[in-house]
Each structure stands twice: as structure tokens, then as C-alpha cells.
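# What follows is a predicted protein model with its sequence.
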Amino acid sequence: MSIIQFRGVSKHFDELRVLDEVDLSIEQGEVVVLIGPSGSGKSTLLRCINGLEQITGGDLRVDDISVLAGNARLREIRQEAGMVFQQFNLFPQLTALQNVAFGPRHVRGKSRREAEEIGLELLDKVGLKERAHHYPAELSGGQQQRVAIARALAVRPKVMLFDEPTSALDPELKQEVLNVMRNLAEEGMTMVVVTHEMAFARQVGSRLIFMEHGKIAVDGDPCEMLCNPTNPRLKDFLRHVH
Amino acid sequence: MNTDWSVITGFLPELLDGAEMTLYITLVGLAGGMAVGVVAGLMRAYGHWTLNYVAMAYIELIRGTPIVVQVMFLYFALPVLASIRIDPLTAAMIAIVVNAGAYIAEIVRGALQSISRGLAEAGLALGLPRWKVLVYIVGPLAFRRLIPPLGNQCIVSLKDTSLFIVIGVSELTRTGQEIMAANFRAVEIWTAIAAIYLIMTGTLTLLLRVIERRLRIL
């Protein structure tokens, strides 16, 4: 059974059709990279998976729970699908450790001590154990995004959703975030990544999806799609990205 | 000009009694006003549209009418309309609760809505229910932004109590007026009253500065 299953999913903002009857199945262990011009619906597609955007047509199931099954079930989905945002969105009043321990403590109901142990373990995983007691404002953008990844992982999700995780970072800081994501992929984490990093897509992605006008235009192997693009629109898009 | 500052000392106990009454009305009124304001502000920020409209109607009604009219209504019109008789002190306190509540509601709404949507989304994305996002994330951040405008409202409400002279509450301004009516020492008495108000508002300002320094504004 697919971990994420889109069946004829549409999303309309009033008249604007952002997703147009999308069908898509994502299996456990896949690293799916979503690319496409701005406004093509890739971020919306990602945000529909954990219900930050509500779908207006079709059905979307995560771990066989429908996003339309009500608030309680939606919270279960969100615990299974961690999200990393372009703007990091760390809680500014909490230290790095408190940010990471937040999910275990308030979502999974762990004791303060257990939550801190999980927090330290995950900060160590993203290489920031020594920054545990710093506040977000005292960290670089790359460090903040690594803490944000640790925070999402701390809830122990089955899937990780990345919404342009390196787009707000200076070029020299992108790599440290991409490395953390690469390690995560190597451990077998199921990932859905919206990005403009074509090198990452080619090296780490197991599947590449090119979106256009709210539809999946091309869906295939990253190397083939990037090295020998046959779709003229994809060709055109890649010329503009490089 | 013939002034004699020593007359103040003689009337000081009376003036201090008036100041005590002013403080009492202000504190009770603001405590109630904050409770009303938080509820109305939450209704404005997160309420279903009916709750939102109820809160909006309340805020517009109160902000759109002078506090003197409000307290006159409570004290003189309510007995006629609904046979509810209240003493001047109660009317004064209710007036502050209702009046400050409306302004504080907008302060609370503004503070809540100033917190980046992304932070609430980050909380929701972790799987938190909405109320926990409010209590653990948005609330604590909004509280810090609440302090400066809330301090403003405290000072305004304290000074507004002087308007209750119109229903005969023996707060500081009324007390001064009565002393004045007997001895015509306008310069000395009104100077003393202004100084006492300044001491009270100054203390409030200092208090707020301490609180602000303790809480880093984020």
C-alpha cells in the first residue's frame, strides 16, 4: 500500500485552479523531488499532504488516513508527516533544544526528561548538539534549518515533507542542509521535496516530478529527465534554472 | 498672585483618600477589562463569524461613544430602562471594565495577528491541536507584544476615572473639586492633584518598563 495516495485531487482558490485532478502514489522509501515553474502548484501539492491546505476535490490518503476524515485524524497524519518550511519557522522564544523537544513533549506526551533526550539525540544527528542552548536568533540560517529538520524528526514521522528548504539560504549555507537531507534519504526516510536544487534531485532523488498548471507533466527517473529531457516545457524550464 | 503652598498639607489626607479611591476603581476596572478584552480579542481573532460580529459590535459601540456618556447611561438611564439601581462606585468600575475591555480587545487581536502565520503552521504541522498552538506558541509571543499598548491603556483608564466626577464618586478629582469649592485655593489644590496623578502614572510606567525588560520582545 502506498504511504501517500492522491486520487483526483483538486485545489481551488476561488476561481483559481491550483491543483487539477492530480493522481499520484508515493511508496515507502521513495525520495520524490517536485520541480516546476512558480505557480505550478508544487508547494500547494505538498501542503495538501498534511492538510495545511484543504483539498477541494478528490481524496488524499496518508498511511491510509484521509485528510478529509476530521481534525483528530488530520492530527494523526501530521504526526506521520513532518514538515520543513522555507522560512524555518522555529519558535523564537525557545532554545534549539526546546524547539526539538517540543513535539515529543506536547504532541507525543513524553516526560520533560525523555523529550530532552530525544531532542539532544536529534540535534546530534544534524550536527548541532553544541548549539542546544542557543536561541534561533543566535543561529545562522543553515543551522536554523537543521534545527527545524530535527524538530520535525523528533515526532518520529514516517514521511518528511520539505517545502523549498534551501531557498531562503545563502549559497554557502545550502550545502549543510542538503547534506542532512542526503543522510536522511540514505537511512531510507520517505521524502517529498520541493526544490530548485537540480544537483540534489539528480543525486538523491529516486523520482522526479515536473509540475505545470496544477498537473503532473512528467514523472520519472531524475537522471533521465534531467540529462535527456524530452518534454519541451521541461527542457525550457531547465534552461532557466541552470 | 497670592499662593500659600502650606494649605496642601492640611488637605493631604483627604486628597490621598481620593487617590486611593482612584486606584481602587482603576485596578478593579482594569482587571475586569483585561478579562473582557482577552475574550473579545480572541473572538475577533479566531471566532466563528457570529462571535466575531458580536465582539465587533461591542467594540464599535464602546469606542464610538464617550466614557462620560457611558457612565451617565449606567448610572442614570439604566434605572429607568431596566429598574437596575447601582451605586456610583459600582457604575464607575463597570464603566472602566466595559470601556477598557473594548480597547484591550483590539490590542489583544492586534498582538495575536502580528505573530507570523508560519509559526502557527509549524505548530499545526507537528500535529498539535489549535488550542495548544495558541497556548504554547502564539500566546506567549503575542503576550510580549501586548505589554506596551496595554501599558498605554492602563494609564488612559487611570486618568479616565477623573471623569466620574459627573456621578459623584469621591475619587481624586472630585475630592479636589470639593476642597476647592470651600477654600478657593485653585492653584495649590489643582497643582497637588496633578502631581498625585503624575506620581501614579509614573509608577505605572516604571512598572511596565521593568516587565518589558524582563520579557525580551521577540
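Looks like it came in fine.
# So which bits of chain A are right by chain B?
Counting by C-beta under 8 Å from any C-beta of the partner chain, chain A comes close to chain B at A:50, A:52, A:71, A:75-76, A:78-79, A:82-83, A:85, A:87, A:89-93, A:102-103, A:106-107, A:137, A:148, A:151-152, A:155. Backbone N, C-alpha and C define where each C-beta goes, glycine included.
# how close does residue A:48 get to residue A:24?
11 Å (C-beta to C-beta, to the nearest Å).
# any chance you could map the strands in chain A?
Counting by DSSP state E, one finds strands in chain A at the ranges A:4-13, A:16-26, A:31-35, A:57-62, A:65-66, A:81-84, A:159-163, A:190-194, A:207-212, A:215-220.
# residues making contact with the last one?
The set of residues that contact strand A:215-220 without belonging to it, under C-beta atoms under 8 Å, 6 or more residues apart in numbering or on different chains, is A:20-24, A:36, A:41, A:207-211, A:225, A:229, A:231, A:233-234.
# if we go to 7 Å?
A:20, A:22, A:24, A:208, A:209, A:210, A:211, A:225, A:231, A:233, A:234 (C-beta atoms under 7 Å, 6 or more residues apart in numbering or on different chains).
# The longest one now?
By C-beta under 7 Å, 6+ apart, the residues outside strand A:16-26 that reach it are A:2-12, A:32, A:41, A:44-45, A:48, A:58, A:190, A:192, A:213-216.
# just the buried members of those residues?
A:3-6, A:9-11, A:32, A:41, A:44-45, A:48, A:58, A:190, A:192, A:214, A:216 (16 or more other C-beta atoms under 10 Å in any protein chain shown).
# Turn the strands of chain A into CSV, including mean pLDDT.
Converted to CSV, the strands of chain A look like this (pLDDT from 0 to 100):
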stretch, mean pLDDT
strand A:4-13, 95
strand A:16-26, 94
strand A:31-35, 96
strand A:57-62, 96
strand A:65-66, 96
strand A:81-84, 97
strand A:159-163, 98
strand A:190-194, 97
strand A:207-212, 96
strand A:215-220, 94
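# related to what we said a few turns ago, filter the contacts of strand A:215-220 to the buried ones?
A:20, A:22, A:24, A:208, A:209, A:210, A:211, A:225, A:234.
# Which residues of chain B lie near chain A?
B:118-119, B:121-122, B:124-129, B:132, B:136-137, B:140-141, B:218 (C-beta under 7 Å from any C-beta of the partner chain).
# how about 10 Å then?
B:115-130, B:132-133, B:135-138, B:140-141, B:143-144, B:215-216, B:218 (C-beta under 10 Å from any C-beta of the partner chain).
# List the buried residues in stretch B:168-175.
Those would be B:169, B:170, B:171, B:172, B:173, B:174, B:175, for stretch B:168-175 by 16+ other C-beta under 10 Å.
# now those residues as CSV including distance to residue B:186, secondary structure and pLDDT?
Converted to CSV, those look like this (distance: C-beta to C-beta, whole Å; DSSP: H, G, I helix; E, B strand; the rest coil; pLDDT from 0 to 100):
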residue, distance to residue B:186, secondary structure, pLDDT
B:169, 22, coil, 90
B:170, 19, coil, 89
B:171, 19, coil, 91
B:172, 16, helix, 92
B:173, 13, helix, 93
B:174, 15, helix, 93
B:175, 15, helix, 92
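# what's the closest of these to residue B:202?
Distance to residue B:202 across the buried residues of stretch B:168-175 (C-beta to C-beta) is lowest for residue B:172, with 14.8 Å.
# could you measure the spatially most central residue of chain B against residue B:32, distance?
The centroid of chain B falls nearest to residue B:157 when counting by C-alpha atoms, centre = their mean (3.6 Å). The gap separating residue B:157 from residue B:32 is 11 Å, by C-beta to C-beta.
# so what sits against both of these two?
B:96, B:97, B:100 (C-beta atoms under 10 Å, 6 or more residues apart in numbering or on different chains).
# burial count for the closest residue to the second one other than its chain neighbours?
So that's residue B:97. Nearest residue to residue B:97, sequence neighbours excluded (C-beta to C-beta, 6 or more residues apart in numbering or on different chains): residue B:32, at 3.5 Å. Residues within reach of residue B:32, counting by other C-beta atoms under 10 Å in any protein chain shown, total 17.
# before we move on, which element is residue B:32 in?
Under the criterion of DSSP states H and E, residue B:32 resides in helix B:6-46.
# rewinding a little: so what's in contact with residue A:48 and residue A:24 at the same time?
In contact with both residue A:48 and residue A:24: A:6, A:9, A:60, using C-beta under 10 Å, 6+ apart.
# Export the residues you listed as TSV, with columns for distance to residue B:190.
Below are these laid out as TSV (distance: C-beta to C-beta, whole Å):
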residue	distance to residue B:190
A:6	75
A:9	73
A:60	72
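# pLDDT weak spots in chain B?
B:1, B:216-218 (pLDDT under 70).
# can you do 50?
For chain B, no stretch is flagged by pLDDT under 50.
# so where do the helices sit in it?
With DSSP state H as the criterion, chain B has helices at B:6-46, B:49-63, B:67-72, B:78-82, B:88-114, B:117-125, B:130-132, B:139-160, B:172-183, B:186-214.
# The first one - contacts with which helices or strands?
Okay, so that is helix B:6-46. helix B:49-63, helix B:88-114, helix B:139-160, helix B:172-183, helix B:186-214 (3 or more C-beta pairs under 10 Å, 6 or more residues apart in numbering or on different chains; DSSP states H and E).
# biggest helix in chain A, by residue count?
helix A:171-186.
# and the angle for it with strand A:190-194?
Orientation check (axes from the mean of the first three to the mean of the last three C-alpha atoms, to 10 degrees): helix A:171-186 against strand A:190-194 gives 150 degrees.
# Could you name the helices and strands sitting against helix A:171-186?
By 3+ C-beta pairs under 10 Å, 6+ apart, helix A:171-186 packs against strand A:31-35, strand A:81-84, helix A:112-125, helix A:141-153, strand A:159-163, strand A:190-194, helix A:198-204.
# for the helices and strands packed on helix B:6-46, which one sits closest to residue B:20?
Across the helices and strands packed on helix B:6-46, closest to residue B:20 is helix B:172-183 (C-beta to C-beta), at 8.7 Å.
# Now do the closest one: distance to the chain's middle.
Computed by C-alpha atoms, centre = their mean, to the nearest Å, the separation of helix B:172-183 from the middle of its chain amounts to 24 Å.
# Quick one: list the elements packing against it.
With contacts taken as 3+ C-beta pairs under 10 Å, 6+ apart, helix B:172-183 sits against helix B:6-46, helix B:186-214.
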